[in-house]
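> using only what follows, build the 3D model:
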Amino acid sequence: MTLASLFSHRFSVPWQCPLGTHGAGLVDSDLPRATALHAAVRGGHDHIVEWILENISDVDVDCEAYLWCLCPSAHMQFSQYRQKWQPSLCATPLHVALASGAGSTAKILMSRGAVWDREFTFTAGMTGLHMMAANGMTDLINWVVDEPTARRNALHDWPDEWGRSSLHYATFAASTRTGHFEVDMFNARNLVKSLLRLGAIANTKDRERLACNIVLERNQLRRRLDCRDRLSHNSYMAWTDRFRRGLAFMGEMWSLRPTPADYALRRGNSAVALAIEEAIEEASLIRAERA
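The predicted structure follows:
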């Protein structure tokens, strides 16, 4: 076994759900499997993560691990993740870092090309950006905005297969649900502002803007095909396949879903809802002044 294949191999690991929700009763054949890179990320060993990425040729920064869950990430509150029997949840090292709120590790991975704004075949449309929003990682989102090496696409915020984009996921950020209104509003405003800096759409009923984004993305995918400039193979295949299966359907799912502000209200997060509404009003005033 070569050094590269050793670091790409998925070993059985003693993975436990930190909340004790997932994995109970699973048999040995369902034991989680992960690579050395996943283990280094999970352990918070940034120096080891950097060493692997710098010294092991052909290591896949977006390699898959087969886990039971990504707890304590707040996005695990979605209904599709609540079942206890879940031996097939897959995750990249970046997903593992974001699940534990390890911003420094996430920066290392994204600087090395880890995909954060596109889905994989195993994520049902969820992206790393969705996880950042759900976990209230405002500082990391702002870092992505200001770090050119982390961005390889013109558009970053896309809905999952249920029509939820990053501002929908922001509803679950614990920092906006402390029960102290002033604290919640401060954190919600900063989180919403950071997502809007990345191009998040606050009014998902704006079909014209949704259609424009879809056309822009389709053109970018065509350019990637022409110059053979690909993301990770898995992410590239998942994303292009989704576009081929239904551009119009993606727009419909997005617009039919409650707007992020309405979604936040329905989920009991008035701070995020108000912050989004404030942002929409501010944008309207700016447009009126320019007109």
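> any idea how many residues pack against the closest residue to Thr176 other than its chain neighbours?
Take Thr176 and drop its neighbours on the chain: the residue closest to it by CB to CB, 6 or more residues apart in numbering is Ala188, 4.3 Å away. C-beta coordinates here come from the backbone N, C-alpha and C atoms, glycine included. Neighbours of Ala188 under the rule other CB atoms under 10 Å: 28.
> what does Arg164 give?
Applying other CB under 10 Å, we find 25 other residues in the vicinity of Arg164.
> again with the one 3 residues further on
By the measure other CB under 10 Å, the count of residues near Leu167 is 28.
> pretty sure the residue nearest to Thr176 contacts Glu277?
No. Taking CB atoms under 8 Å as the definition, Ala188 is not a contact partner of Glu277, at 10.8 Å.
> state the helix or strand in which the residue nearest to Thr176 lies.
Element membership of Ala188 [criterion: DSSP states H and E] is helix 181-197.
> roughly how far out does the helix or strand just after that helix sit from the chain middle?
Using DSSP H and E, the helix or strand that follows helix 181-197 in sequence is helix 207-227. The gap between where helix 207-227 is centred and where its chain is centred comes out at 20 Å by CA atoms, centre = their mean, to the nearest Å.
> how about stretch 39-54?
Centroid displacement of stretch 39-54 relative to its chain, using CA atoms, centre = their mean, is 20 Å.
> picking that back up, what packs against the helix holding Ala188?
Helix 181-197 sits against helix 138-146, helix 166-169, helix 270-290, with contacts defined as 3 or more CB pairs under 8 Å, 6 or more residues apart in numbering; DSSP states H and E.
> now that helix: buried residues?
184-185, 187-196 (16 or more other CB atoms under 10 Å).
> mind putting those residues in TSV, distance to Arg33 included?
TSV is the format used below for the buried residues of helix 181-197 (distance: CB to CB, whole Å):
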residue	distance to Arg33
Asp184	39
Met185	43
Asn187	36
Ala188	38
Arg189	41
Asn190	38
Leu191	34
Val192	37
Lys193	39
Ser194	34
Leu195	33
Leu196	38
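> now, which of these sits nearest His95?
Closest approach between the buried residues of helix 181-197 and His95, by CB to CB: Leu195, at 18.5 Å.
> shouldn't that closest one be in contact with Ala133?
Yes. With contact defined as CB under 8 Å, Leu195 reaches Ala133; the gap is 6.1 Å.
> shared neighbours of the two, anything?
Common neighbours of Leu195 and Ala133, using CB atoms under 8 Å, 6 or more residues apart in numbering, are 141, 166-167, 170.
> redo the residues you listed as CSV? Include distance to Arg267 and pLDDT.
Output for the shared contacts of Leu195 and Ala133, formatted as CSV (distance: CB to CB, whole Å; pLDDT from 0 to 100):
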residue, distance to Arg267, pLDDT
Ile141, 20, 97
Ser166, 15, 96
Leu167, 12, 97
Ala170, 10, 98
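> separate out the buried members of those.
Here, 16+ other CB under 10 Å leaves 141, 166-167, 170 buried among the shared contacts of Leu195 and Ala133.
> just flag the most distant two among the residues you listed.
Pairwise distances among these were taken by CB to CB; the largest, 11.7 Å, belongs to Ile141 and Leu167.
> identify the contacts common to the two.
Between them, Ile141 and Leu167 share these contacting residues under CB under 8 Å, 6+ apart: 133, 195.
> returning to what we had before: possible to save the helices and strands packed on helix 181-197 as TSV with distance to Ala106?
Shown next, in TSV, are those (distance: least, CB to CB, whole Å):
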stretch	distance to Ala106
helix 138-146	6
helix 166-169	15
helix 270-290	22
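> ok, back up a step: closest to Met76 among the shared contacts of Leu195 and Ala133?
Of all those, the one sitting nearest Met76 is Ala170; the distance, using CB to CB, is 15.4 Å.
> CA-only coordinates of the one helix or strand Glu54 maps to, as CSV, when you get a sec.
In the assignment (DSSP H and E), Glu54 maps to helix 46-55. Extracted C-alpha coordinates of helix 46-55, given in CSV (Å, rounded to 0.1, in the frame of the first residue of the first chain):
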residue,chain,number,x,y,z
ASP,A,46,-4.7,21.7,12.5
HIS,A,47,-1.0,21.1,12.2
ILE,A,48,-1.6,17.5,11.1
VAL,A,49,-4.3,18.6,8.7
GLU,A,50,-1.8,21.0,7.1
TRP,A,51,0.9,18.3,7.0
ILE,A,52,-1.3,15.8,5.2
LEU,A,53,-2.4,18.3,2.6
GLU,A,54,1.2,19.5,2.1
ASN,A,55,3.0,16.2,2.1
